[in-house]
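**Q** from the sequence below, what's the structure:
(chains A and B)
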Amino acid sequence: MENKTTRNLYTIPYVIWVAFFVIAPILLVLYYSFQDLEGNFSLTNYRNFFTPIYLEMTLSSFWYAFLITLITLLFAYPIAYLLTKLKHKQLWLLLIIVPSWINLLLKAYAFLGIFGTYGMANKFLETIGIGSKQLLFTDFSFVFVSVYIFIPFMILPIFNALDKLNPTYLDAANDLGASRWTTFRRIVFPLTIDGVKAGCQITFIPALSLFMLTRLIAGSQVITLGTAIEQQFLVTQNWGMGSTIAVFLIIFMFIIMFATGTKRRRARG
Amino acid sequence: MDKRISPLSRFFLIVMFALLYLPIFYLIFYSFNSGGNMYNFESFTFDWYKELFQDTRLLIIVLNTIVIALLSALISTVIGVLGAMMIYKIRSSRTKNALLSLNNILIVSPDVIIGASFLILFTIAGIQLGFYSVLLSHIAFSIPIVVLMVLPKLSEMSSSLLDAARDLGASRWEVITKVVIPYITPGIFAGFFMALTYSLDDFAVTFFVTGNGFTTLSVEIYSLARQGISLSINALSAIIFLVTMLIVVIYYFITRRGKKSPDLEVLK
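**A** Residues are numbered from 1 along each chain as shown, chains lettered A, B, ... in the order given. Next up is the predicted model:
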């Protein structure tokens, strides 16, 4: 048929995009990770990655990401839970999401003021009698600001999961004599675990890789995988090493996505 | 608020909401401070706003940012809709899933990796870093979200609708323009707005692929913030906040029109 090829012309832009902006970049990163500073093929970068310096950095990056995800979850779950109980819940949800639309850098910048030596946080500490402290450029402020930034993204999937929860299950549990804690532990939480997983995925991966937050808020106190990649690419100009770290970050990303597997869209009764 | 939650929970929610908005209003509050710092409010002034509007360099950067956002959102919407149609047409579910996974790679990838790999790509392809490299990357990372917004609309479209149109003698082109496109319009709008916010919000990717001569607002804020506090950033953020609220309201009403859409689920 003559129009078989012309028919499929419309697919060209999208196919080009997949080839050049999805597949090619991954292959390029992989290719560069095997190049040393002189541009020869070598495993130097991989050998370097397994030295204590890089392993320690990876470990601490994971530790901070874990901490941030955990604290975010501990706050996000009750907030999402309470939101579903409100009358105009969609409106309140929108109000939670709005701050996430404000540019992340502006929010980070706001904390430069709040956590500054004479900032609001220190004034508060002085009023309650603790006295002012160095807050900026510490790991505390890094974790705090990260939690602040990720909380809307964690609330959203949990809220959606809770909102879909069939309320008759709760009535049934109640009728059968389950305490509120048992109901939560045995019914509410297991049924919303997919939302929790999605939220953790959305939080954990960026927490490993955000570099502007560490630069602005944590100074040199915290180095994440993202900071290291940025450093290698834009400061040291060692693309090979940067690519190697990126390869590991991609591997970690797949592991995390696999662990928080999206078995969503299960049939519901 | 409802009676169904205890006073303690209500207090918790109020504190959380206050904390969530505190940094934003903190910024806006001090943008009127004549003292020039973010801790000691001296007196009310509009000076920082005046300074902002006299700063032509910054105004050009704002303009750049808007041009990049609109252009990239427009182009990525077109390509994304075409891509969604292509994926929709694929019969074999294995090919479909494979393509969808490829599609989603850029959504789940950390920004640093997208930025770094695009930097390598542009350097190898010989594209000079600047306006075009930034535009291309913004188009590239916005396409998958458009596909994700449009695809559900295509899938929920009943095939009898298409059959009816063909039976009534509509050509392929007419089926697409008169039946398919109107049906998926809410998805297209949602995709366009998502692409717009992705572009306006992006810092990391732009930071990697922007050269010396070209900057967007996020990158500029970053370099200003690294130098310390300057209250024109506060004035700028107040304006950005207002504009964002405006976009949110517009977006809200547009998506409201297309009945109860699941758009909120995919918001980044």
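**Q** and stretch B:33-51, which residues are buried?
**A** B:Asn33, B:Asn37, B:Met38, B:Tyr39, B:Asp47, B:Trp48, B:Tyr49 (16 or more other CB atoms under 10 Å in any protein chain shown). For glycine as for every other residue, the C-beta is placed from the backbone atoms N, C-alpha and C.
**Q** in a markdown table, list those residues along with pLDDT.
**A** Below are the buried residues of stretch B:33-51 laid out as a markdown table (pLDDT from 0 to 100):
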| residue | pLDDT |
| --- | --- |
| B:Asn33 | 88 |
| B:Asn37 | 81 |
| B:Met38 | 80 |
| B:Tyr39 | 79 |
| B:Asp47 | 88 |
| B:Trp48 | 88 |
| B:Tyr49 | 91 |
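**Q** name the nearest of those residues relative to chain A.
**A** Chain A lies nearest to B:Met38 out of those, by CB to the nearest CB, at 3.2 Å.
**Q** assign the nearest residue to that closest one once chain neighbours are set aside to helix, strand or coil.
**A** Excluding the flanking residues, the one nearest B:Met38 by CB to CB, 6 or more residues apart in numbering or on different chains is A:Gly113, at 3.2 Å. Put simply, A:Gly113 is helix when judged by DSSP: H, G, I helix; E, B strand; the rest coil.
**Q** is it true that A:Gly113 touches B:Ile229?
**A** Yes - A:Gly113 lies in contact with B:Ile229 (CB atoms under 8 Å); the separation is 6.2 Å.
**Q** other SSEs contacting whichever helix or strand B:Leu99 is part of?
**A** Taking DSSP states H and E as the criterion, B:Leu99 maps to helix B:93-108. Helices and strands touching helix B:93-108, by 3 or more CB pairs under 8 Å, 6 or more residues apart in numbering or on different chains; DSSP states H and E, are helix B:56-89, helix B:131-156.
**Q** out of those, nearest to B:Phe193?
**A** B:Phe193 sits nearest to helix B:56-89 of all the helices and strands packed on helix B:93-108, at 7.8 Å, using CB to CB.
**Q** wait, does the closest one contact chain A?
**A** Yes - Helix B:56-89 is in contact with chain A by CB under 8 Å from any CB of the partner chain, via B:Val78, B:Ile79, B:Gly80, B:Leu82, B:Gly83, B:Met85, B:Met86.
**Q** and the residues you listed, which two are furthest apart?
**A** Greatest spacing in the residues of helix B:56-89 next to chain A, by CB to CB: B:Val78 and B:Met86 (13.0 Å).
**Q** among the buried residues of stretch B:33-51, which two are most distant?
**A** Taking CB to CB, no two of the buried residues of stretch B:33-51 sit farther apart than B:Tyr39 and B:Tyr49, at 20.2 Å.
**Q** wait, what's in contact with the most centrally placed residue in chain A?
**A** Against the mean C-alpha coordinate of chain A, by CA atoms, centre = their mean, the closest residue is A:Thr203 at 2.4 Å. Residues near A:Thr203 by CB atoms under 8 Å, 6 or more residues apart in numbering or on different chains: A:Ile68, A:Thr69, A:Thr72, A:Leu73, A:Phe150, A:Phe153, A:Met154.
**Q** in the helix or strand the fourth one falls within, what's buried?
**A** Taking DSSP H and E as the definition, one finds A:Leu73 inside helix A:52-84. Neighbour counts over helix A:52-84 (16+ other CB under 10 Å) mark A:54, A:57-58, A:61-62, A:64-65, A:67-69, A:71-73, A:75-84 as buried.
**Q** do stretch B:20-36 as well
**A** B:Leu20, B:Leu22, B:Pro23, B:Ile24, B:Tyr26, B:Leu27, B:Ile28, B:Tyr30, B:Ser31, B:Phe32, B:Asn33.
**Q** so who does the residue lying closest to the fifth one once chain neighbours are set aside touch?
**A** Counting by CB to CB, 6+ apart, B:Tyr26 lies nearest to A:Ala110, which is 5.5 Å off, once chain neighbours are set aside. Applying CB under 8 Å, 6+ apart, one finds that A:Ala110 lies in contact with B:Pro23, B:Ile24, B:Tyr26, B:Leu27, B:Ser237.
**Q** try A:Thr58
**A** The contact partners of A:Thr58, taken as CB under 8 Å, 6+ apart, are A:Leu225, A:Phe248.
**Q** and stretch B:11-27, how far out from the chain's middle?
**A** 24 Å (CA atoms, centre = their mean, to the nearest Å).
**Q** alpha carbons only: can I get that stretch in CSV?
**A** Extracted C-alpha coordinates of stretch B:11-27, given in CSV (Å, rounded to 0.1, in the frame of the first residue of the first chain):
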residue,chain,number,x,y,z
PHE,B,11,-3.7,21.6,66.0
PHE,B,12,-1.2,19.3,64.3
LEU,B,13,-2.6,20.1,60.9
ILE,B,14,-2.7,23.8,61.5
VAL,B,15,1.0,23.8,62.6
MET,B,16,1.9,21.8,59.5
PHE,B,17,0.1,24.2,57.2
ALA,B,18,1.7,27.1,58.9
LEU,B,19,5.2,25.6,58.6
LEU,B,20,4.6,24.8,54.9
TYR,B,21,3.7,28.4,54.1
LEU,B,22,6.1,30.1,56.5
PRO,B,23,9.2,30.2,54.3
ILE,B,24,7.2,31.7,51.4
PHE,B,25,5.6,34.4,53.5
TYR,B,26,8.8,35.0,55.3
LEU,B,27,10.5,35.8,51.9
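**Q** picking that back up, who touches the residue nearest to B:Met38 in this structure?
**A** When contacts are counted by CB under 8 Å, 6+ apart, A:Gly113 touches A:Gly119, A:Met120, B:Tyr26, B:Leu27, B:Tyr30, B:Met38, B:Tyr39, B:Ile229.
**Q** the fourth one against B:Ala238, yeah?
**A** Yes - with contact defined as CB under 8 Å, B:Leu27 reaches B:Ala238; the gap is 7.0 Å.
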